[in-house]
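*Asks:* Show me the folded form of this:
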Amino acid sequence: MKTTPTKGRAIALIPMLIFLILFLGTGLYLNSKGVDFAFYQLPAPVAAMVGLIFAFLITRGSLNSKMETFIKGAGESNIITMCIIYLLAGALATVAKDIGGVDSTVNLGLSLIPQSLIMPGLFLIAAFISTAMGTSMGTIAAVGPIAVGMAAKAALPLPLTIGAVIGGAMFGDNLSMISDTTIAATKTQNCEMKDKFRTNFKLVLPAAIVTLILLTIFGGSGELTGPFPFELIKVLPYLMVLILALIGMNVFVVLTLGILLAGGIGVLGGQMTLLELAKSIYSGFTGMQEIFILSMLIGGLAEMIKADGGINYLLNFIRKRIKSKTGAELGIGALVSVADICTANNTVAIILAGPMAKEISDEHKLDSKVSASILDIFSCIWQGLLPYSAQILLAGSLAGLSPLQIIPNLHYQFTLAIVVLVTITFKGKFNNRTIVS
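*Replies:* Numbering: from 1, shown residues only. The predicted structure follows:
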């Protein structure tokens, strides 16, 4: 429901700023001390709790009314839906990995790569695995060591090889039906996952094609030596989830069926007992603990800030600079970009920017699938470029490279940024429509 614009209250934004400053400041300090994964040493939910304490101190109203507002935001239906999907997605990813699904998928791709197309082949493998698994970090962890070995054996440029893997991982993370970024973007904008996928795909496909061409031209060729053993049956859970999600089946049903299929393959194939399957599912649940808790805390914090006029203040600041649908789309992109630069976490960035993006989208009559796509694409662009993002740091540590050696070789992220900005700007000028219809 669209809210009536009011002047708002700038001071209401202080709790959110405290969260961002604490989270970012700690990361910068630890990074200066040479700590590995510096921006991930302070758990984000703890930083959010500090901001929440300040919200209770400065927000107007009685303690009981503040608590009611917080609970309303933390328990909002989209937040709870998002959290349940996180749990199911984590369970599917863990069970599929435990039965050997990741190894089989990687080896299947490697066995199909022509030796003259190793570099674009790595991009495609990472893209498929990330789309299937819903995690860029998991993809980089799985494919990164293989890519390093391939670069050494085939005398390929290592920074470009790692750049191809990161690009494919971010491509899939942006599109995947079980990625937490997709879940957050679609739920905050109230749109269907399959609609957001189709909208996203029209934008990322040209960028992926250009990237493949660049990797073919500059990637060189080498020689792969196998064997690369795989079991096609272990790839089936990923394929089934992709197909069922694309045809529009309810996401809870899709993920549950994926867990059951992966678990059934594991139990019948002797990889695990029923008790081990239960533990694997629970391990997947616990792996989503941080984003689960953070989503609820940020939901409650955002509701308190909104009730105290902070969201209206920000929206009015942005509204004054938005004169068209094109401006609205760019404004949403700018919002989530700033959030990701500050937090180095694309899911957190979407959760932070999502409510404001929804207000802008409703006011300028943007299609919800468009605003969801913009949120996800811009957050993934920045997440795949920041030298202090977990993806770049992990890839760098696996390859023994500095982030500054990797960043110039991130062809997909740079190409996607150009494609999206050009599409938003010129499509709006030519026919006054949103980026895709």
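
*Asks:* which residues of the stretch 301-437 of the chain fall in helices?
*Replies:* Assigned by DSSP state H, counting those that start in this stretch, the stretch 301-437 of the chain shows helices spanning 310-319, 325-343, 346-363, 368-383, 390-399, 403-406, 411-431.

*Asks:* wait, Val348 sits on Ala339?
*Replies:* Yes: with contact defined as CB atoms under 8 Å, Val348 reaches Ala339; the gap is 7.3 Å. Bear in mind the C-beta positions are built from the backbone N, C-alpha and C, glycine included.

*Asks:* of these two, who's got more company?
*Replies:* Val348 (28 against 25; other CB atoms under 10 Å).

*Asks:* OK, contacts around that one?
*Replies:* By CB atoms under 8 Å, 6 or more residues apart in numbering, the contact set of Val348 is Ala44, Leu294, Ile298, Ala339, Asp340.

*Asks:* For Gly384, give me phi and psi.
*Replies:* Backbone geometry at Gly384, expressed as degrees, to the nearest 10, gives phi -90, psi 0.

*Asks:* Count the residues that sit near it.
*Replies:* Using other CB under 10 Å as the criterion, Gly384 is surrounded by 28 other residues.

*Asks:* which of the helices of the stretch 301-437 of the chain is buried the deepest?
*Replies:* Highest mean neighbour count of the helices of the stretch 301-437 of the chain: helix 368-383, a mean of 28 (counted as mean count of other CB atoms under 10 Å).

*Asks:* just the angle between it and helix 411-431, please?
*Replies:* If you take axes from the mean of the first three to the mean of the last three CA atoms, to 10 degrees, helix 368-383 sits at 140 degrees to helix 411-431.

*Asks:* what about Ile183, neighbour count?
*Replies:* Around Ile183 there are 29 other residues, counting by other CB under 10 Å.

*Asks:* That one and Thr81: what is the separation?
*Replies:* With distances taken as CB to CB, to the nearest Å, Ile183 is found 9 Å from Thr81.

*Asks:* what do you get for Leu410?
*Replies:* Look at Leu410 and Thr81: by CB to CB, they are 33 Å apart.

*Asks:* of those two, who's got more company?
*Replies:* Leu410 (25 against 15).

*Asks:* Would you mind confirming that the more buried one makes contact with Gly167?
*Replies:* Yes: the pair Leu410 / Gly167 is scored as a contact, 6.1 Å apart, by CB under 8 Å.

*Asks:* Now for these two: what residues contact both?
*Replies:* Counting by CB under 8 Å, 6+ apart, the common neighbours of Leu410 and Gly167 are Gly384.

*Asks:* my read: Ile14 touches Leu57, true?
*Replies:* No: counting by CB under 8 Å, Ile14 stays clear of Leu57, with 9.5 Å between them.
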